[in-house]
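> fold the following.
(one chain, ligands or ions: 1)
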Amino acid sequence: MNVCVIGTGYVGLVSGVCFSDIGNRVTCVDLDENKINNLNNGIVPIYEPGLKELVIKNTNEERLFFTTDLKAGMDDADIIIIAVGTPEKESGEADLRFVEAVAKSIGENLSDYKVIVTKSTVPVGTNRRVKSIISEYCGHEDFDVASNPEFLREGSAIYDTMNMERAIIGVESQKAGDLLTKLHEPFDTTVMVTDIETAEMIKYASNAFLATKISFINEIANICEKLNANVMDVAKGMGLDDRIGEKFLSAGIGYGGSCFPKDTKALIQISGEVEHDFSLLKSVIEVNNKQQQRLIEKALNRFDRLEGKNVALLGLAFKPNTDDMREAASIVISEELVKHGANIKGFDPIAKDTAKKVLPSEVMIAESIDEAIQDADIIMILTDWQEIKDLDLNKVAALPGKPVIFDGRNCFSLDYVGQFDLEYHSIGRPSLVE
Ligand code: UDX
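Have a look, this model is predicted:
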């Protein structure tokens with residue numbers, strides 16, 4: 001099949017590359033000339049395991065193309081996928097400017113039947129709006145619109161796409177449903193065809209539910225701390241019940257990233273518009289905001305004042321295996337540490353350059369873990385990168401400042417840390433004091 005993907009952000013680029021890898025002819029379109037030139041030369045704008053290799057492979061095998069010319073990209077396409085950004089407005093609402101602009105351009109260039117699929121996360125009802133914009137500009141109705149939400153996670157985006165657990169296809173016509181089902185056949189996945197509004201809602205409901213699971217276990221963690229229980233074992237015990245499941249029950253310093261914070265706020269906004277007060281989801285967000293401050297609270301309880309303390313922040317990305325720092329806890333935590341007058345050194349295996357742009361200028365970015373921790377009084381672990389989980393605690397115990405560890409991701413078992421001469425505070429587990 002011929003597929004045109006508009007927007008080469010995370011979702012667009014990964015989907016385009018994967019659709020080409022399963023044998024389709026895919027043209028990815030973006031307004032950003034620099035990005036397109038780079039992609040044509042095998043330079044990938046984001047860090048995502050396996051992505052660069054697949055871009056090069058499928059470009060060389062002439063199944064994958066990059067262009068800034070929308071008309072050329074969509075002319076031969078059977079399916080056009082809209083995957084442009086839907087940033088968050090001040091009100092929490094999704095900003096649909098880019099989706100609407102793309103719909104207009106598609107309408108201006110649409111001559112024969114195509115299925116226009118929205119992959120961007122958009123409020124319920126947006127696909128109908130896309131349809132009316134396209135028909136306004138093309139002057140006919142010989143096309144279908146569809147919703148095909150994306151569930152990939154950053155850091156494992158290629159794996160998640162190639163091994164998707166389900167494809168949700170929201171359509172109005174059998175013809176569009178059949179075409180999109182065929183497109184997904186090589187993924188050997190469960191395809192669920194539904195109406196458009198339901199497909200749009202499945203995306204928001206899924207992300208809101210996962211965010212709820214995280215805030216729930218973080219609340220349990222906070223209670224565990226007061227009761228001397230161990231939240232990791234509580235989560236394990238809960239997860240043995242199939243109805244609950246073990247995933248997304250890792251307590252920590254809250255969720256970040258480009259999806260959960262934005263989509264939870266957008267769903268509250270969507271609910272508000274139909275006069276429903278989604279109070280449960282409001283609490284999920286409130287719990288998450290507080291949770292991002294947990295390590296600061298713990299450090300203040302332990303030290304009273306953080307002024308002049310040397311603090312090493314280990315892991316700056318919002319989660320491992322990505323350089324993305326959108327809504328990362330490291331931002332909130334470093335801003336708070338700056339207010340308290342601490343001296344901060346941050347380290348991240350991949351997100352160093354992003355960190356230099358988004359963290360307060362007072363934060364020094366170290367080139368290695370050793371450099372970050374060498375004169376630390378406090379070590380805060382913010383992201384559970386493998387390199388951080390492999391940290392040699394013998395070395396930490398031998399440091400001159402005898403740093404106190406505040407582990408926001410429960411990277412080490414208490415039994416393991418107990419073998420060292422270290423003070424260790426984590427989330428939802430008893431503290432270890434020398
Ligand atoms: C998420 C969804 O998983 C994905 O389906 C959707 O399409 C986009 O949003 P992503 O933001 O890439 O993906 O990351 P994810 O792995 O879901 O983690 C999100 C955040 O939750 C991270 O900050 C992570 O550290 C945190 N998290 C996750 C927890 O704190 N505890 C957990 O148990 C799981």
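> how about the residues of the stretch 1-150 of the chain near the ligand?
Glu150 (C-beta under 6 Å from any ligand atom). From N, CA and C alone the C-beta is placed, and that goes for glycine too.
> what's the answer for the stretch 201-350 of the chain, then?
Residues of the stretch 201-350 of the chain lying near the ligand (C-beta under 6 Å from any ligand atom): 207, 210, 214, 248-250, 252, 255-257, 259-260, 318-319.
> mind running it again at 5 Å?
With C-beta under 5 Å from any ligand atom as the criterion, the stretch 201-350 of the chain meets the ligand at residues Ile214, Phe248, Ser250, Gly252, Tyr255, Gly256, Gly257, Cys259, Phe318, Lys319.
> which helix is the longest one in the chain?
helix 196-227 (DSSP state H).
> what packs against that one?
Applying 3 or more C-beta pairs under 8 Å, 6 or more residues apart in numbering; DSSP states H and E, we find helix 196-227 packed against helix 126-138, strand 144-147, strand 166-171, helix 231-239, helix 260-273, helix 279-291.
> now do that helix and helix 126-138, the angle between them.
140 degrees (axes from the mean of the first three to the mean of the last three C-alpha atoms, to 10 degrees).
> Ser105 against Asp69, yeah?
No. Using C-beta atoms under 8 Å, Ser105 is not in contact with Asp69; the gap is 10.9 Å.
> the two - which one has more neighbours?
Ser105 (19 against 11; other C-beta atoms under 10 Å).
> tell me the phi and psi of the more buried one?
For Ser105, the backbone dihedrals are phi -60, psi -40 (criterion: degrees, to the nearest 10).
> so what's it up against?
Contact analysis of Ser105 by C-beta atoms under 8 Å, 6 or more residues apart in numbering lists Leu70.
> please report how far it lies from the ligand.
Look at Ser105 and the ligand: by C-beta to the nearest ligand atom, to the nearest Å, they are 26 Å apart.
> what do you get for Asn127?
In terms of C-beta to the nearest ligand atom, Asn127 sits 18 Å off from the ligand.
> what is the neighbour count of that residue?
Count around Asn127 with other C-beta under 10 Å applied: 26.
> can you give me the pLDDT of the residue lying closest to Lys389 once chain neighbours are set aside?
Distances taken as C-beta to C-beta, 6 or more residues apart in numbering place Cys411 nearest to Lys389, at 4.7 Å, with adjacent residues excluded. We have a pLDDT of 98 for Cys411.
> ok, Cys411 to the ligand distance?
Cys411 is 12 Å from the ligand, by C-beta to the nearest ligand atom.
> pretty sure that residue belongs to a strand, no?
No. The assignment for Cys411 by DSSP: H, G, I helix; E, B strand; the rest coil gives coil, which leaves it out of any strand.
> residues near it, how many?
Cys411, neighbours per other C-beta under 10 Å, totals 22.
> over to the one 4 residues further on?
Neighbourhood size, Asp415 [other C-beta under 10 Å]: 7.
> that one: which element?
Asp415 is located in helix 414-417, with elements delineated by DSSP states H and E.
> mind listing what's buried along that helix?
Val417 (16 or more other C-beta atoms under 10 Å).
> off-centre distance for that helix?
Distance of helix 414-417 from its chain centroid, counting by C-alpha atoms, centre = their mean, to the nearest Å, is 30 Å.
> now do stretch 182-201
For stretch 182-201 - counting by C-alpha atoms, centre = their mean - the centre lies 21 Å from the chain centre.
> please apply the same query to stretch 396-407.
Using C-alpha atoms, centre = their mean, the offset of stretch 396-407 from its chain centre is 31 Å.
> C-alpha coordinates for that stretch, CSV please?
Extracted C-alpha coordinates of stretch 396-407, given in CSV (Å, rounded to 0.1, in the frame of the first residue of the first chain):
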residue,chain,number,x,y,z
VAL,A,396,29.4,5.7,46.8
ALA,A,397,30.1,4.6,50.4
ALA,A,398,33.8,5.4,50.0
LEU,A,399,33.1,9.0,48.8
PRO,A,400,34.5,11.7,51.2
GLY,A,401,31.1,13.5,51.6
LYS,A,402,29.4,10.2,52.6
PRO,A,403,26.4,11.2,50.5
VAL,A,404,22.9,10.3,51.6
ILE,A,405,20.9,8.7,48.8
PHE,A,406,17.3,9.6,48.0
ASP,A,407,16.1,7.1,45.4
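> quick one: contacts of it?
Counting by C-beta under 8 Å, 6+ apart, 295, 298-299, 302, 310, 312, 373-381, 417, 420-427 sit against stretch 396-407.
> for it, what is the average pLDDT?
95.
> please apply the same query to stretch 97-111.
Mean predicted lDDT for stretch 97-111 stands at 96.
> what's the answer for stretch 173-188, then?
97.
> likewise stretch 284-299?
98.
> give me the contact list for that stretch.
Under C-beta under 8 Å, 6+ apart, the answer for stretch 284-299 is 208, 211-212, 214-215, 218-219, 222, 252-256, 261, 264-265, 268, 306, 311, 329, 332-333, 336-337, 340, 378, 380, 382, 406, 408, 425, 427.
> rerun at 6 Å
Stretch 284-299 is contacted by residues 211-212, 215, 218-219, 253-255, 264, 329, 332, 336, 378, 380, 406, 408, 425 when judged by C-beta atoms under 6 Å, 6 or more residues apart in numbering.
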